[in-house]
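**Student:** quick one, structure for this:
(one chain, ligands or ions: 1)
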Amino acid sequence: MADPKRAEFADLLREDRSFSPPPEFTARAVVRDDRIYAEADRDPEAFWARFAGELEWSRRWDTVLDWQPPHAKWFVGGKINASVNCLDRHVRGPRRNKAALIWEGEPGDRRTLTYFDLFRQVSAFANVLTSLGVRKGDRVAIYLPLIPELAISMLACARIGAVHSVVFGGFSAESLRDRINDSQCRVLITADGGFRRGQIVALKQVADEALADTPSIENVVVVQRGHAEMPVHIKEGRDHWYHRLMQDASYKCDPEPMDAEDMLYILYTSGTTGKPKGIVHTTAGYLVGTYATTKLVFDLREDDVYWCTADIGWVTGHSYVVYGPLANGATVVMYEGAPDWPKKDRFWSLIETYGVTVFYTAPTAIRAFMKWGTEWPKKRDLSSLRLLGSVGEPINPEAWVWYYHFIGGDRCPVVDTWWQTETGAIMITPLPGVTTLKPGSATRPFPGIAAEIRNERGEKVDVGGGLLALTRPWPSMLRGIYGDPERYVRQYWNKWGSGVYVTGDGAKRDADGCFWLLGRVDDVINVAGHRIGTMEVESALVDHPGVAEAAVVGRAHEIKGQAIAAFVTVKEGTHATKDLADVLKEHVVKKIGAIARPDDILFTADLPKTRSGKIMRRLLRDIAEGKALGDTTTLADPAVVAKLKANYEEEYG
Ligand code: WTA
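**Tutor:** Residues are numbered from 1 along each chain as shown. Predicted structure coming up:
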């Protein structure tokens with residue numbers, strides 16, 4: 001290995017090693033032996049009901065599960081409030097003055113909120129929302145940077161039974177507009193701005209653009225970050241400063257007793273069509289799923305300092321920054337900004353400063369850390385860590401071993417957790433006190449979860465590769481796609497009978513029963529752990545007046561997992577220049593957001609199509625990855641491909 005940074009850990013790269021849990025870890029772990037798997041399999045409903053019983057209900061459920069495939073109702077007849085379980089329950093006991101949120105902004109500003117602080121602010125803001133006319137079942141859009149008010153807003157909605165729809169702060173005005181309109185939100189909660197790599201992200205300005213075309217929004221609440229350079233226009237009557245509204249709000253707010261199956265939130269995610277879909281989660285099952293998985297997978301102890309680096313704009317932040325850890329009464333670290341700002345040791349400095357014990361991040365970040373070099377983590381004291389997690393994309397064994405050694409000091413188990421926006425909670429994962437770890441494998445289904453590999457015909461594959469399916473309902477499963485009940489069935493439950501959930505991921509299962517995730521098999525790509533639909537990017541490209549046709553594929557990328565490669569044909573009279581490529585990249589950013597910016601754009605006279613006119617993305621992916629081309633016999637014109645490949649290599653090879 002020529003690269004000295006790689007040579008430093010070359011001897012670690014033996015992929016066939018496995019790591020059994022350190023005995024001292026197991027001795028104190030929440031789960032200490034693997035009987036829990038058999039117990040959960042014997043009676044999954046009783047297993048989940050055990051965790052439900054640890055939560056606080058205003059009315060206990062009558063029936064654990066009502067399963068009319070593919071429609072599930074969990075904890076039928078139960079009444080429960082998510083904010084009560086995340087706050088009131090702790091405030092009444094010894095956790096009252098425990099830190100709930102330890103927040104650090106990118107510029108270095110800090111705030112710590114105890115459970116009592118958080119409880120007061122959530123209740124007060126819940127009253128504010130009520131005073132703005134928000135009622136049970138109304139949708140509230142939230143477009144905020146990673147600041148405490150984001151968690152406060154979500155829990156305030158949950159308290160009064162409003163449905164939150166959080167939109168990641170990196171999404172464009174158009175993306176925000178479409179999400180608001182799809183679910184007809186009545187209120188938008190935003191901020192003057194946030195920070196990213198020292199730059200100001202002027203959220204209110206972006207929101208204003210969206211608000212020009214969102215007739216359902218009656219009121220806008222603006223959190224003041226108060227930086228002089230954040231441009232804010234306040235529209236009288238519609239826009240209100242958060243801090244003003246909070247000034248006279250009472251912090252006494254009776255929680256709404258929600259039906260177990262009442263909607264808790266909507267979160268939009270990319271699928272195989274041009275339009276993101278609103279994934280619906282309901283109250284009790286979601287809470288039970290996130291509560292149980294957080295407790296067992298992250299092995300929570302009372303004195304842990306838990307940090308999941310995800311933005312709350314994604315499902316990982318919903319489940320493992322807000323609901324799961326707060327339902328467990330954990331101390332949660334929240335950091336607003338980038339890992340390399342102002343220096344490449346920001347994450348390690350946060351771990352040192354706050355004494356983080358459990359750390360959960362994405363493979364993309366780990367691969368970036370590897371590239372930046374071990375001098376950064378070595379400068380900091382990481383000895384408080386006892387458990388590491390990974391999520392969002394397949395973790396390559398090299399990154400796993402690096403993480404284990406350089407961050408975890410060979411002492412912390414690494415839990416590689418597989419799940420999706422749709423699953424609500426972790427589905428395949430080690431349990432750190434019991435599972436023997438294999439770098440690169442998410443190991444086993446969580447107790448009570450039934451996962452299988454199936455071939456195209458739907459036959460179960462015991463050892464080998466195929467499509468990953470979940471064959472039994474679970475409490476935190478999505479209940480639908482907002483406004484599109486038919487698509488819910490077609491998209492997830494239609495391939496092999498109505499009781500089998502199709503994940504869209506390829507995977508293999510080894511002889512020990514361990515699962516190895518291989519990435520998406522549909523038209524969804526995963527760029528730096530973010531889900532992007534190829535069709536979304538294609539629609540954004542053809543929206544530009546100069547573009548006739550576009551085909552987008554994901555190609556392997558050393559750090560981001562996948563990068564976006566776009567093949568574009570232009571309309572007559574348009575010149576395919578380098579400038580146009582830049583314009584098109586910006587056009588996609590404007591339409592969707594910076595996460596969807598294509599890495600490569602290749603202009604071409606033709607796209608490879610089958611005789612029936614379907615674009616052959618597999619071929620395009622091979623071209624973008626510089627692979628030898630596979631079978632082209634079904635192509636309408638094989639010459640197109642050879643030419644494309646030559647051009648691509650000239651441009652990017
Ligand atoms: C991928 C994020 C491999 C997978 C929680 C899935 C993973 C998609 C892993 C969901 C993992 C997530 N190993 N792949 N540990 N975790 N994925 O909805 O392709 O943003 O289908 O949820 O991310 O992305 P989503």
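**Student:** residue of the stretch 351-500 of the chain closest to the ligand, please.
**Tutor:** In the stretch 351-500 of the chain, the residue found nearest to the ligand is T421; the distance is 3.4 Å by Cβ to the nearest ligand atom. For glycine as for every other residue, the C-beta is placed from the backbone atoms N, C-alpha and C.
**Student:** give me phi/psi at that residue?
**Tutor:** The main-chain torsion angles of T421 are listed as degrees, to the nearest 10 and equal phi -50, psi -40.
**Student:** now that it has come up, it's in contact with I279, right?
**Tutor:** Yes: proximity of T421 to I279 meets the contact threshold set by Cβ atoms under 8 Å, at 5.1 Å.
**Student:** what touches both of these two?
**Tutor:** Residues touching both T421 and I279 comprise L267, T269, V315, L478, with contact defined as Cβ atoms under 8 Å, 6 or more residues apart in numbering.
**Student:** ranking those residues by neighbours, who comes first?
**Tutor:** Neighbour counts for the shared contacts of T421 and I279 (other Cβ atoms under 10 Å) peak at L267, which has 27 neighbours.
**Student:** can you tell me the closest non-neighbouring residue to that one?
**Tutor:** The spatially closest residue to L267, leaving aside those adjacent along the chain, is I279, at 5.3 Å (Cβ to Cβ, 6 or more residues apart in numbering).
**Student:** what about that neighbour, which SS state?
**Tutor:** Using DSSP: H, G, I helix; E, B strand; the rest coil as the criterion, the local structure at I279 reads strand.
**Student:** just P598 next, same as before
**Tutor:** At P598 the chain is in coil, as set by three-state DSSP.
**Student:** on that earlier part again, mind putting the shared contacts of T421 and I279 into TSV with secondary structure, pLDDT and distance to G448?
**Tutor:** Written out in TSV, the entries for the shared contacts of T421 and I279 read as follows (DSSP: H, G, I helix; E, B strand; the rest coil; pLDDT from 0 to 100; distance: Cβ to Cβ, whole Å):
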residue	secondary structure	pLDDT	distance to G448
L267	strand	98	23
T269	strand	97	24
V315	helix	98	20
L478	coil	98	17
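**Student:** which of these are close to the ligand?
**Tutor:** With Cβ under 6 Å from any ligand atom as the criterion, those include T269, V315 near the ligand.
**Student:** rounded mean pLDDT for the host helix or strand of T417, please.
**Tutor:** Secondary-structure assignment from DSSP states H and E places T417 in strand 414-417. In this model, strand 414-417 has a mean pLDDT of 98.
**Student:** how far off centre is that strand?
**Tutor:** Averaging C-alpha positions (Cα atoms, centre = their mean, to the nearest Å) puts strand 414-417 15 Å from its chain's average.
**Student:** pull out the CA atoms of it and give them to me as PDB.
**Tutor:** Extracted as PDB, the C-alpha positions of strand 414-417 are listed here (Å, rounded to 0.1, in the frame of the first residue of the first chain):
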ATOM      1  CA  VAL A 414     -19.400  -1.800  17.100                       C
ATOM      2  CA  VAL A 415     -23.100  -2.200  16.300                       C
ATOM      3  CA  ASP A 416     -23.800  -1.900  12.600                       C
ATOM      4  CA  THR A 417     -27.500  -1.300  12.500                       C
END
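**Student:** so which bits of the longest helix along the chain are buried?
**Tutor:** Residue-count comparison of every helix in the chain, with assignments taken from DSSP state H, identifies helix 115-131 as the longest. Buried positions in helix 115-131, judged by neighbour count with 16 or more other Cβ atoms under 10 Å: 115-130.
**Student:** cool, stretch 363-379 as well?
**Tutor:** For stretch 363-379, a neighbour-count test (16+ other Cβ under 10 Å) marks P363, T364, A365, I366, R367, A368, F369, M370, W372, T374, W376, P377 as buried.
**Student:** the first one and A399 touch, don't they?
**Tutor:** If I follow you right, that is P363. Yes: contact status for P363 versus A399: in contact at 5.5 Å, counting by Cβ under 8 Å.
**Student:** give the residue spans of this structure that score low on pLDDT.
**Tutor:** Within the chain, the ranges that satisfy pLDDT under 70 run 1-15, 630.
**Student:** which residues of it lie near the ligand?
**Tutor:** So the chain meets the ligand at 269, 314-316, 391-394, 416-421, 442, 503-505, 517, 519-520, 526, 531 (Cβ under 6 Å from any ligand atom).
**Student:** ok, of the residues you listed, which come out buried?
**Tutor:** With neighbours counted using 16+ other Cβ under 10 Å, the residues of the chain next to the ligand contain these buried positions: 269, 314-316, 391-394, 416-421, 442, 503-505, 517, 519-520, 526, 531.
**Student:** so where do the strands sit in the stretch 451-600 of the chain?
**Tutor:** Assigned strands in the stretch 451-600 of the chain, in chain order: 451-454, 460-461, 464-470, 480-481, 501-509, 515-520, 524-527, 530-533, 547-557, 561-570, 600-603 (criterion: DSSP state E, counting those that start in this stretch).
**Student:** now do the contacts for the nearest residue in space to D117 that is not next to it in sequence.
**Tutor:** With Cβ to Cβ, 6+ apart as the criterion, D117 has its nearest non-adjacent residue at 7.3 Å, and that residue is A100. The contact partners of A100, taken as Cβ under 8 Å, 6+ apart, are L87, H90, L113, T114, Y115, D117, L118, L326, T331, V332.
**Student:** save those as a markdown table, and put in distance to I407 too.
**Tutor:** Formatted as a markdown table, these follow (distance: Cβ to Cβ, whole Å):
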| residue | distance to I407 |
| --- | --- |
| L87 | 32 |
| H90 | 30 |
| L113 | 27 |
| T114 | 29 |
| Y115 | 29 |
| D117 | 31 |
| L118 | 29 |
| L326 | 25 |
| T331 | 20 |
| V332 | 19 |
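**Student:** so which pair among those residues is furthest apart in space?
**Tutor:** By the measure Cβ to Cβ, the contacts of A100 have their two most distant members at L87 and T331, which lie 14.0 Å apart.
**Student:** and T269, how far from V414?
**Tutor:** The gap separating T269 from V414 is 26 Å, by Cβ to Cβ, to the nearest Å.
**Student:** sorry, wrong one. I was asking about V122.
**Tutor:** Using Cβ to Cβ, we find V122 at a distance of 33 Å from V414.
**Student:** next one: F446
**Tutor:** Separation of F446 from V414 (Cβ to Cβ) stands at 16 Å.
**Student:** more crowded one of the two?
**Tutor:** It is F446, of F446 and V414, that has more neighbours when counted by other Cβ under 10 Å, with 26 against 21.
**Student:** show me the contacts for the more buried one.
**Tutor:** When the contact criterion is Cβ under 8 Å, 6+ apart, the partners of F446 are T293, L296, V297, A425, I426, M427, I428, T429, L431.
**Student:** widest-spaced pair of those?
**Tutor:** A425 and L431 (14.0 Å).
**Student:** name the residues linked to the residue in the stretch 551-653 of the chain positioned nearest to the ligand by a beta bridge.
**Tutor:** Taking Cβ to the nearest ligand atom, the ligand has its nearest neighbour within the stretch 551-653 of the chain at G561, 8.8 Å off. Beta bridges link G561 to V527, H557 when assigned by DSSP bridges.
**Student:** that one: neighbour count?
**Tutor:** A total of 24 residues lie near G561 under the criterion other Cβ under 10 Å.
**Student:** roughly how far apart are it and I525?
**Tutor:** On the measure of Cβ to Cβ, G561 and I525 end up 9 Å apart.
**Student:** same question for G198.
**Tutor:** G198 sits 29 Å away from I525, going by Cβ to Cβ.
**Student:** so the two - more neighbours on which side?
**Tutor:** Between G198 and I525, I525 has the larger neighbour count (other Cβ under 10 Å), namely 25 against 11.
**Student:** list the residues that contact that one.
**Tutor:** Residues near I525 by Cβ under 8 Å, 6+ apart: R531, I532, G533, T534, V552, V553, G554, Q562, I564.
**Student:** mind redoing it with 7 Å?
**Tutor:** I525 makes contacts with I532, T534, G554, Q562, I564, as judged by Cβ atoms under 7 Å, 6 or more residues apart in numbering.
**Student:** excluding its backbone neighbours, what's nearest V64?
**Tutor:** Nearest residue to V64 in three dimensions, chain neighbours excluded: E45, at 4.1 Å (Cβ to Cβ, 6+ apart).
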